[in-house]
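>>> everything below, folded, please.
(2 chains)
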Amino acid sequence: DGGITQSPKYLFRKEGQNVTLSCEQNLNHDAMYWYRQDPGQGLRLIYYSQIVNDFQKGDIAEGYSVSREKKESFPLTVTSAQKNPTAFYLCASSTPMGGSNTGELFFGEGSRLTVL
Amino acid sequence: GDSVTQMEGPVTLSEEAFLTINCTYTATGYPSLFWYVQYPGEGLQLLLKATKADDKGSNKGFEATYRKETTSFHLEKGSVQVSDSAVYFCALRRRDDKIIFGKGTRLHILP
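Numbering: from 1, shown residues only, chains lettered A, B, ... in the order given. Below is the predicted model of the structure:
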């Protein structure tokens, strides 16, 4: 089945450690996104990528890094520089706008990171 | 910078009431506009969209019209059901594919 797979679903980290969240899609979408969802804050954009080997900062990129070496994969690293990393992280991919494409986002099930 | 502002919730209505959830945006250029819904225990899914001024998106009895003059995309439904209880997110997509969301509005429908 086509979809987006995020792993791990739950992750615990000690302060000062980096952690990488995996996101893989087999929908053949060019665009991929990372969001952070906090209660009362909605979804805030961390990074997005329109194409392989290219990505742009979102609104809260500080303390995070990404790579896009393959079309299917868009891993997110939460570094020790992120001051408040405990959150629910959502990865998504999207069809382009135009023609028969809706431009909608397709989401993974999320990864919940807790810093101890 | 670009932003999406939604009315704060929670919004509580009785079944069969009329629903409006306000959404306004600030963006450069002419973005596409979306409403997503997150039912309890589920992920976000697209509810409806509009890609240009005066377009009306509709789905499951919900409607929203892209109003360029007021930079708004308010969500409406004529008669809500208990099953509409969820969190609703307004979002915009710029031409460079940046997609940003509002904070979400939680809707409770009482039987």
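>>> residue A:101 reaches residue A:31, doesn't it?
No: contact between residue A:101 and residue A:31 fails when scored by CB atoms under 8 Å: they sit 10.8 Å apart. Every C-beta, even on glycine, is put in place using the N, C-alpha and C of the backbone.
>>> of those two, give the one with the bigger neighbour count.
residue A:31 (21 against 11; other CB atoms under 10 Å in any protein chain shown).
>>> ok, that one - contacts?
Applying CB atoms under 8 Å, 6 or more residues apart in numbering or on different chains, we find residue A:31 in contact with A:48, A:49, A:50, A:51, A:93, A:94, A:96, B:97.
>>> same thing with residue A:45?
With CB under 8 Å, 6+ apart, residue A:45 has these contacts: A:33, A:34, A:35, A:58, A:59, A:60, B:98, B:99, B:100, B:101.
>>> at 6 Å what do you get?
Residue A:45 makes contact with A:35, A:58, A:59, B:100, according to CB atoms under 6 Å, 6 or more residues apart in numbering or on different chains.
>>> tell me the buried residues in the longest strand anywhere in chain A?
For chain A, the strand that runs over the most residues, judged by DSSP state E, is strand A:42-51. Going by neighbour count (16 or more other CB atoms under 10 Å in any protein chain shown), the buried part of strand A:42-51 is A:42, A:43, A:44, A:45, A:46, A:47, A:48, A:49, A:50.
>>> mind checking how far the third one is from residue A:65?
Here the distance between residue A:44 and residue A:65 works out to 16 Å (CB to CB, to the nearest Å).
>>> drop anything exposed from the contacts of residue A:45.
The buried subset of those (16+ other CB under 10 Å) comprises A:35, A:58, B:100.
>>> from those, which is closest to residue A:109?
residue A:35 (13.1 Å; CB to CB).
>>> coming back round to it: wait, which of the contacts of residue A:31 is closest to residue B:72?
Among those, residue B:97 lies closest to residue B:72 (CB to CB), at 22.5 Å.
>>> got the contact list for the closest one?
A:31, A:50.
>>> for residue A:65, same thing?
Counting by CB under 6 Å, 6+ apart, residue A:65 touches residue A:77.
>>> for it, list each beta-bridge partner.
residue A:77 (DSSP bridges).
>>> and the pLDDT at residue 8?
Just so you know, I chose chain A. Looking at residue A:8, its pLDDT is 95.
>>> was after chain B, sorry
Model confidence at residue B:8 (pLDDT) stands at 86.
>>> equivalent analysis for the one 4 residues further on, please.
Reported pLDDT at residue B:12 in the predicted model: 97.
>>> check the one 10 residues further on too.
You'll see residue B:22 listed with a pLDDT of 97.
>>> and residue A:98, by the same measure?
77.
>>> partner residues bridging it?
Residues in beta-bridge contact with residue A:98 (DSSP bridges): residue A:101.
>>> so how far is residue B:93 from it?
For residue A:98 relative to residue B:93 (CB to CB), the value is 11 Å.
>>> the two: which has the busier surroundings?
residue B:93 (22 against 10).
>>> the more buried one bridge partners, please.
residue B:32, residue B:99.
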